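K.L.:
Output the structure for:
(chains A and B)
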Amino acid sequence: MATEFLKSIVFELNDEEYALPVELVGAIERIMPITRIPGVPSFVKGVLNLRGVVTPVIDLRDRFKFPIQKETDASRIIIIQHDDKDVGLIVDACYDVIDIPRQSIEPTPETVGSVKIDYINGVAKYNERLLILLNIDEILSDDVLKEFNDEK
Amino acid sequence: MEMNEYLDVFIEESKEHIQALNDHLLTLEKNPEDVSIVNEIFRSAHTLKGMSATMGYQDLADLTHKMENVLDAIRNNKVKLTEKMLDIIFQAVDALEAMVLDIIDGGQGKKDVKQLVNQLEAMENGESVETTPPSTSDSLEKNLEIDFMLDDFELTVLQQSKERGYKNYQVTVTLQETCLLKAARVYMVFEILEKMGEVIKSSPTVPELEEEKFDYSFTVVLVTKDSKEDVQAKINKVSEIDTVEVKELAVRAYDQDDQNVPESIESEDASVTEIEPSESSDQEKAKKKAQLSSKTIRVNIDRLDALMNLFEELVIDRGRLEQISTTLKNNELQETVEHMSRISGDLQNIILKMRMVPVDQVFNRFPRMVRQLAKDLNKDIDLQIFGAETELDRTVIDEIGDPLVHLIRNALDHGIETPSLRESKGKSPQGTLKLNAYHSGNHVFIEISDDGAGIDREKVLKKAIGNGVLTLEESKHYSDQQVFQLIMASGFSTADEISDISGRGVGLDVVKNTIESLGGSMTIDSKYNEGSTFVIQLPLTLSIISVMLTEVKNEKYAIPLSSIIETAIVNKKDILSAHHQPVIDFRGRVVPLVSLTDVFDVPGDADEDDFHSVVIIRQGEKMAGLIVDSFIGQQEVVLKSLGNYLTDVFAISGATILGDGQVALIVDTDALIK
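P.N.:
Modelled structure (predicted):
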């Protein structure tokens, strides 16, 4: 049986490596000016002008409740296009595209770092690297936004 | 296959033709005698048939074909148009629409139309769907209907033969159902007929008969010297014949009815000559209309959107250029940029106009809907439409249909009473529903008014108290407007009974929300027992708006000019406090102040200035003052949404991109006035 691969983009966040399916990614941008939006959860950094399209940006560190860090030169914004939603994700650094063999993907261990299980589809070991596969639906789910609005 | 390329065109055109069918059928209903309308309908049906056959939608083609036949029969005065027939034709058009919708959804446009086809066929054959009038020997000649039209030549032949003492018969032969060789029997019958006289015409046609393309019966027109009985007896000699019916054909009767014969002697009657000029002018009008409509070209809305997007980019660059030229203060540059701004302003107008479509596109389906609803509800309703030519942005048009349908259904169901009830109230039994669209300023207004029962203030209040929305005490102080606002709250319906048409309580609130999401508003005016008017106010366009750009700390916010009354500088000591709410006295009115810094939690040091820049905004009757740090100026900006991720941000209606490429948020002023 031929090995099936999951083409993924790998990025760094809080010294760990994460992966997202490459077909979700519309672009990778350097940090650009972001306009703050009032009245939204803190992980929504604001909106930026992506070639004429107003695109919301999520700080993944904040979203995963990691310690907040100022963006560096290595920081990138990964533009995700999924389900009619265009959203930018701020990550610490963005490396390369990797073909992850499907059979190397294992279900999520009970706890990985401090990230809530929902965001994670599984973990893959690849050449001595541990890649955490993210679930984009959960990250972009509007439940969190609704919760936030309800609390207000 | 490359059919996909044509599919869009097909769908677009089918929709148009179906609409045309509906429109013309409605006109026809009012003037059943007008052949020019039948011609229009026929033309639409014919085109539709051709298109659908080319595209391979057989069911669609079949149904239109049958419709065409019926229309043809009507057009040639073969069958008389009855209300029942119109109903069936309407049903057929509905079926056509359903099929086209199916095709739009990616289906094959298949639908079981057998029943309709049969009904249409029956109509075509003049078997009047109702009951055929009993043919007394006296009226026989006049009521006689034949299953096919006779052209002028054939009519002349019949006329002449009659003058020469021949007799014209319509012979209907029905074969036994067990008949095996139908074509052979037909041949034998024809041989006998030819011996007796001459067959002028047959239905189905002779080639069709030879190919056995008929059920069991066929009809011919025979010119002969033999008597009725002889003809019957002779044909009956052929075996496997079930029945033979021979009727005398009255050519004169045809002559009179046939509008293709313009000047029969009888038409010298004064009343007829009066009608004729108006008829011809109608036809001329139709012609003129056809010529006018041919001057447009069809452009895919996607292309217009693309054009709009490109232009939006241009507007952003224009803003940037203006900014650069003001900083550089180079005369030549400034002149050029100014010129460019003017041109792009004109360009903007043209592009916006291109996206404007007459509201008729939405209105045109209402006559049909009202007709049907009125029938279902047993109400007599006169629908009057005004201002159908009023233009609105395409995007608004697309969204406004459903809310309007809802309001009209409401008006018909709850508003206008049944004829008997109306009479008992001393009103005309026929209810009037008015639909009026007009421009005013930067807005388009659509009014839906009925002369029905109106809103029962007490009933609404009772219901509201029953629902626990307000107390009896509060209800006494409610103004009429406040009461009307109540019925727009969700889950509110005053209909005593839930009907298919409306009254389930999901309704006006949805309508209100849709309209508000389009940047519009809805107001209600009603007098008990006199009727209600719903007024919808909509923005002309959704994409480019004028704003006042303001600065709050380091952030920029755009406030739509349409909701600004004026701007003011207010001294700190003029700010009063009313129950911990800062207010100012603005031209004799007490206006509450809202600090944008507080509302939007803008980070930064507190402002120590003695003067506040205030933007006075209003929504309806209410006003408020927004405190900002400074005014930047007025600008035309392109309204952009925040995307699908952030759908519900408080007091922010969207964003725009400024000349320097930064995003500025647009303030939703309505949310700030509560």
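
K.L.:
going forward, measure contacts between C-alpha atoms and count neighbours the same way
P.N.:
OK.

K.L.:
Would you mind pointing out the helix or strand B:His612 falls in?
P.N.:
Assigned by DSSP states H and E, B:His612 falls within strand B:611-619.

K.L.:
What's the first helix or strand after that strand?
P.N.:
strand B:622-628.

K.L.:
model confidence over that next one, on average?
P.N.:
What strand B:622-628 shows for mean pLDDT is 89.

K.L.:
Run the angle between that strand and strand B:611-619 for me.
P.N.:
150 degrees (axes from the mean of the first three to the mean of the last three CA atoms, to 10 degrees).

K.L.:
buried sites along strand B:622-628?
P.N.:
B:Met623, B:Ala624, B:Gly625, B:Leu626, B:Ile627, B:Val628 (16 or more other CA atoms under 10 Å in any protein chain shown).

K.L.:
Which residue, neighbours along the chain excluded, lies closest to B:Gln232?
P.N.:
B:Val244 (6.1 Å; CA to CA, 6 or more residues apart in numbering or on different chains).

K.L.:
name the helices or strands packed onto the one helix or strand that neighbour maps to?
P.N.:
Assigned by DSSP H and E, B:Val244 belongs to strand B:241-248. Contacts defined by 3 or more CA pairs under 8 Å, 6 or more residues apart in numbering or on different chains; DSSP states H and E place strand B:241-248 against strand B:167-175, helix B:228-236.

K.L.:
Touching the longest helix seen in chain A from outside, list them.
P.N.:
Longest helix of chain A, by residue count under DSSP state H: helix A:143-151. Residues outside helix A:143-151 that contact it (CA atoms under 8 Å, 6 or more residues apart in numbering or on different chains): A:Val40, A:Pro41.

K.L.:
just how off-centre is that helix within its chain?
P.N.:
20 Å (CA atoms, centre = their mean, to the nearest Å).

K.L.:
Which one of the residues in the stretch 301-450 of chain B is closest to chain A?
P.N.:
B:Glu313 (6.7 Å; CA to the nearest CA).

K.L.:
Could you give the backbone dihedrals for that residue?
P.N.:
phi -60, psi -40 (degrees, to the nearest 10).

K.L.:
Contact distance from chain A - what residues of the stretch 451-600 of chain B qualify?
P.N.:
Neighbours of chain A within the stretch 451-600 of chain B, by CA under 8 Å from any CA of the partner chain: B:Glu555, B:Phe600.

K.L.:
list the contacts for the closest residue in space to B:Ile103 that isn't next to it in sequence?
P.N.:
Nearest non-adjacent residue to B:Ile103, counting by CA to CA, 6+ apart: B:Gly109, 4.9 Å away. By CA under 8 Å, 6+ apart, B:Gly109 lies in contact with B:Tyr57, B:Asp59, B:Leu60, B:Ala98, B:Met99, B:Val100, B:Leu101, B:Asp102, B:Ile103.

K.L.:
Spell out which parts of chain A neighbour chain B.
P.N.:
So chain A meets chain B at A:33-35, A:37-40, A:47-49, A:52-56, A:84-87, A:140, A:142 (CA under 8 Å from any CA).

K.L.:
now stretch B:569-583, how far from the centre of its chain.
P.N.:
52 Å.

K.L.:
again but with stretch B:306-325, I slipped
P.N.:
36 Å.

K.L.:
likewise stretch B:434-446?
P.N.:
With CA atoms, centre = their mean, you get 17 Å for stretch B:434-446.

K.L.:
contacts for that stretch?
P.N.:
Stretch B:434-446 is contacted from outside by B:359, B:383-388, B:390, B:392, B:447-450, B:535-540, using CA under 8 Å, 6+ apart.

K.L.:
and that stretch, which residues are buried?
P.N.:
B:Lys434, B:Leu435, B:Asn436, B:Ala437, B:Tyr438, B:His439, B:His443, B:Val444, B:Phe445, B:Ile446.

K.L.:
From A:Ala27, how far off is the first one?
P.N.:
Right, the one you point to is B:Lys434. 53 Å (CA to CA, to the nearest Å).

K.L.:
how about low-confidence regions in chain B?
P.N.:
For chain B, the stretches with pLDDT under 70 are B:1-5, B:126-153, B:250-295, B:441-442, B:489-507, B:541-543, B:607, B:674.

K.L.:
any idea how far B:Lys225 is from the residue sitting furthest away from the middle of it?
P.N.:
The outermost residue of chain B relative to its centre, with distances by CA atoms, centre = their mean, is B:Lys237 at 59.0 Å. Separation of B:Lys237 from B:Lys225 (CA to CA) stands at 19 Å.

K.L.:
do B:Gly625 as well
P.N.:
For B:Gly625 relative to B:Lys225 (CA to CA), the value is 100 Å.

K.L.:
re earlier: burial of the residue of the stretch 301-450 of chain B closest to chain A, as a residue count?
P.N.:
By other CA atoms under 10 Å in any protein chain shown, the residues close to B:Glu313 number 17.

K.L.:
Nearest residue to it in space, please, no chain neighbours.
P.N.:
Per CA to CA, 6+ apart, closest to B:Glu313 is A:Gly52, 6.7 Å.

K.L.:
doesn't B:Ser526 make contact with B:Val535?
P.N.:
No - judged on CA atoms under 8 Å, B:Val535 makes no contact with B:Ser526 at a distance of 11.0 Å.

K.L.:
Compare neighbour counts for these two and give me the winner.
P.N.:
Taking other CA under 10 Å, B:Val535 and B:Ser526 do not tie; B:Ser526 has more neighbours (22 against 18).

K.L.:
who's in contact with B:Leu540?
P.N.:
B:Leu392, B:Asp393, B:Asn442, B:His443, B:Val444 are the contacts of B:Leu540 under CA under 8 Å, 6+ apart.

K.L.:
what comes up buried for stretch B:190-202?
P.N.:
B:Phe190, B:Ile192, B:Leu193, B:Met196, B:Gly197, B:Val199, B:Lys201, B:Ser202.

K.L.:
Closest one to A:Leu20 out of these, please.
P.N.:
Using CA to CA, B:Ser202 comes nearest to A:Leu20 of the buried residues of stretch B:190-202, at 75.2 Å.

K.L.:
Burial check on B:Ala92, number of neighbours?
P.N.:
B:Ala92 has 22 nearby residues by other CA under 10 Å.

K.L.:
Quick check: the nearest residue to B:Ile235 once chain neighbours are set aside vs chain A, distance?
P.N.:
In space, and not counting its chain neighbours, B:Ile235 is closest to B:Val189: 6.1 Å by CA to CA, 6+ apart. Distance, B:Val189 to chain A, by CA to the nearest CA, to the nearest Å: 71 Å.

K.L.:
which SSE is B:Val189 in?
P.N.:
helix B:182-196.

K.L.:
Point out the other helices and strands that that helix packs with.
P.N.:
For helix B:182-196, the packing partners by 3+ CA pairs under 8 Å, 6+ apart are helix B:206-210, helix B:228-236.

K.L.:
Leaving out sequence neighbours, find the closest residue to B:Leu63.
P.N.:
B:Val117 (6.2 Å).

K.L.:
and what of B:Leu21?
P.N.:
Spatial nearest neighbour of B:Leu21, excluding adjacent residues (CA to CA, 6+ apart): B:Ile41 at 5.5 Å.

K.L.:
what about the one you found, which SS state?
P.N.:
Using DSSP: H, G, I helix; E, B strand; the rest coil, the structure places B:Ile41 in helix.

K.L.:
who's in contact with A:Ile78?
P.N.:
Here A:Ile78 is in contact with A:Val25, A:Gly26, A:Ala27, A:Ile28, A:Glu29, A:Gly88, A:Leu89, A:Ile90, A:Val91 (criterion: CA under 8 Å, 6+ apart).

K.L.:
Among the residues you listed, which pair sits farthest apart?
P.N.:
A:Gly26 and A:Val91 (15.0 Å).

K.L.:
Among the two, which residue is more densely surrounded?
P.N.:
A:Val91 (23 against 15).

K.L.:
count of residues packed around residue 21?
P.N.:
Assuming you mean chain A. Residues near A:Pro21, counting by other CA under 10 Å: 19.

K.L.:
meant chain B, my bad for not saying
P.N.:
A count of neighbours around B:Leu21, defined by other CA under 10 Å, yields 23.
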